[in-house]
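1. Sequence first, predicted coordinates after that:
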Amino acid sequence: MLKLPKSLEAEPKASQIIERLNQNLRPLWSEGRLKVPTLELNSELEKALSISRRAGQLRGGLENIESCLRIELQGLEALKKRKLASDSGRISRLLLMSSDGSERFYRHCENLLSMHGDRLAGIRLNAASQVIGQKFFGKDAQVKALLVSHKDFVSRALESLAES
């Protein structure tokens, strides 16, 4: 399992966050290899995600997320070649998935989690894509996948898990 962001590691809530991330672990699809927690979209997490959205650090849609992660990976690889970055094995990005995706959707999410597993953690929310879309992107939006794309906002979202 990935380590928590440094900003949370020494916090008293760290053990509660880890405990929440280890609850209700299930494969994403029938033949899935990775297990992710299924958690509620509670008011604290909703507030943290709304703050991320207002700051431009919440992305929606699997293609958009995949593109963002691919571009970041290219930058990280360039830094590693210049020996300016190292593999930290810490959560710095958070992939949140709706509960009503298809098997193909979850296979794609599992692929992203495997490919970016050195920094990306996944959580399936016990919420439909319509609910997620409306809360963060507008009345008629349906969004099956969200990416919290900055470590400070990831920390805030993870911290909200301890408060639920």
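-> Done, it's in. Since the model is a prediction, treat every value here as computed from it, not as a measurement. Residues are numbered from 1 along each chain as shown.

2. pLDDT below threshold where in the protein?
-> 1, 83-88, 164 (pLDDT under 70).

3. For it, which segments are assigned as strands?
-> With strands called from DSSP state E, the chain shows them at 25-27, 35-39, 58-60, 93-97, 120-125, 145-148.

4. Now distance to residue 12 and mean neighbour count too, for those strands, in a markdown table please.
-> Quick note: C-beta positions are derived from backbone N, CA and C, even for glycine. Shown next, in a markdown table, are the strands of the chain (distance: least, Cβ to Cβ, whole Å; neighbours: other Cβ atoms under 10 Å):
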| stretch | distance to residue 12 | mean neighbour count |
| --- | --- | --- |
| strand 25-27 | 24 | 12 |
| strand 35-39 | 20 | 18 |
| strand 58-60 | 27 | 22 |
| strand 93-97 | 21 | 24 |
| strand 120-125 | 20 | 22 |
| strand 145-148 | 22 | 25 |
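
5. Out of these, which gets nearest to residue 156?
-> strand 145-148 (8.4 Å; Cβ to Cβ).

6. which other residues reach the closest one?
-> 49, 52, 57-62, 64-65, 68-69, 93-98, 101, 105, 109, 132, 136, 154, 157 (Cβ atoms under 8 Å, 6 or more residues apart in numbering).

7. how does it look with 6 Å?
-> Counting contacts by Cβ atoms under 6 Å, 6 or more residues apart in numbering, the residues outside strand 145-148 that touch it are 52, 58, 59, 60, 62, 65, 94, 95, 96, 97, 154, 157.
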